[in-house]
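**Student:** return a 3D structure for these sequence lines:
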Amino acid sequence: MRGYLLFQLYGPLAAWGEPAVGEARHSATHPSRSALLGLLAAAAGLRRDNAEGQRRLSESLRFGIKTLAMGSVLKDYHTTQVPPQERKIHHYHTRRDELGSGRLGTILSSREYRQDGLWLVAAWSNSDSAIYTLDELAKYLATPVFHLYLGRKSCPLGLPLNPRVIQAETLKQAFAVYPQPSLLDQKAWRGIGAAQFAWEACNHTGFPKEDFRAPRHDNPLSRDRWQFGDREEYIKLEQEGG
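**Tutor:** Numbering: from 1, shown residues only. Okay, the predicted model is just below:
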């Protein structure tokens, strides 16, 4: 038996960042590893400048995701004012500092959001020296220290996270034991069809074989420098009840 921390993610809007090229800011169909680590860190009050704490949190956890509804795509034509390029050597602590820095330029971008997406997340410990236990993280998710959001600050939670620590033989079993989100009882959510499962490499998934693997560039290496590394994600499509 293994302990899994499970919680639900739902919001009118969510944005799971992908590598940004040019003006386009795409969203993945399910949460990134960096987004989940950021959400747990914010809940626990672990600040971004605590590099050692961020490293230990990242090294101690692995994730699996069950996508119940990936949501429809919303594209937003976005403009923002930022200090000129040559002034980026200076660090601005707040948005107010940026706006008060003097001459500003405008950046144009197209940003994607997922509307009405619903995901279940499972986290399990990958280290004997974890900075937080799963029970501690569950308590923080129920009463977070910092404000939580789904990828961007403009995407607040639409439901409580309902964290549960579940003992199960496999990841698949843990997802099956977790209570079905109440949203699925509503008429608008019926007939979703196949659920998509995604997980990081492990030997306790409960699935005989993944359907395919996909690379993701979302493993945080440095929060200060916003550097991310590559990893592989394993994907399985399965009918409900299968």
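**Student:** let me see the backbone angles for the residue lying closest to Gly117 once chain neighbours are set aside.
**Tutor:** For Gly117, ignoring the flanking residues on the chain, the nearest one in space by C-beta to C-beta, 6 or more residues apart in numbering is Gly71 at 3.2 Å. Every C-beta, even on glycine, is put in place using the N, C-alpha and C of the backbone. For Gly71, the backbone dihedrals (degrees, to the nearest 10) come out as phi 80, psi 160.
**Student:** cool, and the one 3 residues further on?
**Tutor:** Dihedral angles phi and psi of Leu74 (degrees, to the nearest 10) take the values phi -120, psi 130.
**Student:** what are the bridge partners for it, then?
**Tutor:** Tyr113 (DSSP bridges).
**Student:** what segments of the chain are helices?
**Tutor:** 33-44, 51-60, 95-99, 134-142, 171-177 (DSSP state H).
**Student:** now stretch 94-111: mean pLDDT?
**Tutor:** Stretch 94-111 carries an average pLDDT of 73.
**Student:** compute the first-to-last residue distance for that stretch.
**Tutor:** This stretch, stretch 94-111, spans 22 Å end to end (C-alpha to C-alpha, to the nearest Å).
**Student:** how about stretch 63-81 as PDB, C-alpha atoms only?
**Tutor:** What follows is stretch 63-81 as a C-alpha-only set of coordinates in PDB (Å, rounded to 0.1, in the frame of the first residue of the first chain):
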ATOM      1  CA  PHE A  63       2.200  13.400  -9.900                       C
ATOM      2  CA  GLY A  64      -0.500  11.700 -11.800                       C
ATOM      3  CA  ILE A  65      -3.500  13.400 -13.400                       C
ATOM      4  CA  LYS A  66      -6.900  12.200 -14.400                       C
ATOM      5  CA  THR A  67      -8.600  14.600 -16.900                       C
ATOM      6  CA  LEU A  68     -12.300  14.400 -16.600                       C
ATOM      7  CA  ALA A  69     -12.900  17.400 -18.800                       C
ATOM      8  CA  MET A  70     -10.100  19.300 -20.600                       C
ATOM      9  CA  GLY A  71     -12.400  22.300 -21.200                       C
ATOM     10  CA  SER A  72     -12.900  24.300 -24.400                       C
ATOM     11  CA  VAL A  73     -10.300  26.700 -25.600                       C
ATOM     12  CA  LEU A  74     -10.600  30.500 -25.100                       C
ATOM     13  CA  LYS A  75      -8.100  32.800 -26.800                       C
ATOM     14  CA  ASP A  76      -7.400  36.300 -25.400                       C
ATOM     15  CA  TYR A  77      -5.700  39.100 -27.300                       C
ATOM     16  CA  HIS A  78      -3.500  40.400 -24.500                       C
ATOM     17  CA  THR A  79      -1.500  43.600 -24.100                       C
ATOM     18  CA  THR A  80       0.700  44.600 -21.200                       C
ATOM     19  CA  GLN A  81       3.100  47.500 -20.500                       C
END
